[in-house]
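Chemist: 3D model of this:
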Amino acid sequence: MKHVPKSQPEPQCLSGFRQAQPEATWEDFKDTACSETVLDRTVTDQGGLCAYCERLLDQNDQQIAHFHPKSDRPEPPNPPAPVNWGLHWPNLWLACKGGDQAWMQNPDAYLKPASENRSCDVAKDDHVVDGQVLAPDQVPASPRIFEYRQSTDRLDIIPDEANCDRAGVSVDLAEATVNTFKLNCRRLSEARMRVHKAIENQIKSLRQKSAVPETLFPSLVHRHLARNANGEWKPFFTMVRWRFGATAEACLQSINYQG
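Modeler: The predicted structure follows:
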């Protein structure tokens with residue numbers, strides 16, 4: 001996971017809907033034109049990446065995820081809760097569909113058995129995890145608090161204990177985040193490995209074609225760590241950042257990276 005800053009102010013149509021219908025649910029809202037505005041804003045805020053697994057999402061694999069369950073609302077005749085979690089802007093995040101769509105052909109998006117490869121908001125389900133895991137805006141922009149463990153065909157995300165200590169983030173909290181969102185299911189670990197191998201091939205090609213490859217290396221890093229012309233980040237941003245090490249940190253500093 002990477003830091004995702006939440007843009008402010010919230011979409012005006014969302015605040016207007018909530019003010020006009022303070023007890024409305026997400027189900028009341030999701031088919032309105034404003035729901036598309038909310039989705040578009042989260043896509044822009046997050047550079048097209050899932051808030052949890054950091055996959056770059058196409059339109060068929062996007063949804064709004066509620067970090068705190070939208071179902072957390074008092075039953076009548078109890079008074080309304082002070083926060084309508086279903087329509088609370090800081091609670092709305094762009095997420096993938098969690099490996100739950102059997103019709104999808106891309107192995108990054110769906111892999112059998114589905115029961116072992118669900119992730120992200122689908123894996124969290126309707127559980128209240130506030131304070132038990134990191135929300136996307138609670139992951140620090142710097143230092144990077146996750147690193148990766150490589151095996152033959154997979155790349156698993158684990159807490160970077162030294163950087164967690166530097167950032168004042170509990171290692172247990174970072175580990176619980178990985179486990180709760182099932183970020184090391186086989187589908188995601190193998191998808192990360194495919195991206196990692198592609199990067200290694202690019203580095204190998206650079207070394208073969210250039211007499212002084214180190215002069216071209218920063219340019220390669222920048223292409224992987226800066227948003228593209230469409231405002232998108234590369235998939236598995238944090239893994240890419242980890243792979244390029246100190247050169248990545250220099251690049252991010254040069255672009256004033258804030259998440």
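Chemist: thought Asp126 was touching Pro69?
Modeler: Yes. Under the criterion of Cβ atoms under 8 Å, Asp126 makes contact with Pro69 at 4.8 Å. Backbone N, C-alpha and C define where each C-beta goes, glycine included.
Chemist: higher neighbour count, those two?
Modeler: Pro69 (17 against 10; other Cβ atoms under 10 Å).
Chemist: Using the three-state scheme, assign the more buried one.
Modeler: What DSSP: H, G, I helix; E, B strand; the rest coil gives for Pro69 is coil.
Chemist: neighbours around Cys53, how many?
Modeler: By other Cβ under 10 Å, 28 other residues sit near Cys53.
Chemist: what's near enough to touch Trp89?
Modeler: Contact partners of Trp89, counting by Cβ atoms under 8 Å, 6 or more residues apart in numbering, are Lys6, Glu10, Pro11, Leu14, Ser15.
Chemist: ok, now which ones touch Pro5?
Modeler: Going by Cβ under 8 Å, 6+ apart, Pro5 touches Asp45, Asp137, Ala141, Gln258, Gly259.
Chemist: and the first one, what element?
Modeler: Under the assignment given by DSSP states H and E, the secondary-structure element containing Asp45 is helix 33-46.
Chemist: Report all helices and strands that that helix contacts.
Modeler: For helix 33-46, the elements it packs on are helix 12-20, strand 63-66, strand 92-95, judged by 3 or more Cβ pairs under 8 Å, 6 or more residues apart in numbering; DSSP states H and E.
Chemist: Include mean pLDDT and mean neighbour count when you put these into JSON lines, please.
Modeler: What follows is the helices and strands packed on helix 33-46, written out as JSON lines (pLDDT from 0 to 100; neighbours: other Cβ atoms under 10 Å):
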{"stretch": "helix 12-20", "mean pLDDT": "97", "mean neighbour count": "14"}
{"stretch": "strand 63-66", "mean pLDDT": "98", "mean neighbour count": "20"}
{"stretch": "strand 92-95", "mean pLDDT": "98", "mean neighbour count": "26"}
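Chemist: a markdown table please, covering the ones you listed and showing distance to Phe217.
Modeler: Below are the helices and strands packed on helix 33-46 laid out as a markdown table (distance: least, Cβ to Cβ, whole Å):
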| stretch | distance to Phe217 |
| --- | --- |
| helix 12-20 | 43 |
| strand 63-66 | 36 |
| strand 92-95 | 31 |
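Chemist: nearest to Asp160, of those?
Modeler: Asp160 sits nearest to strand 92-95 of all these, at 22.9 Å, using Cβ to Cβ.
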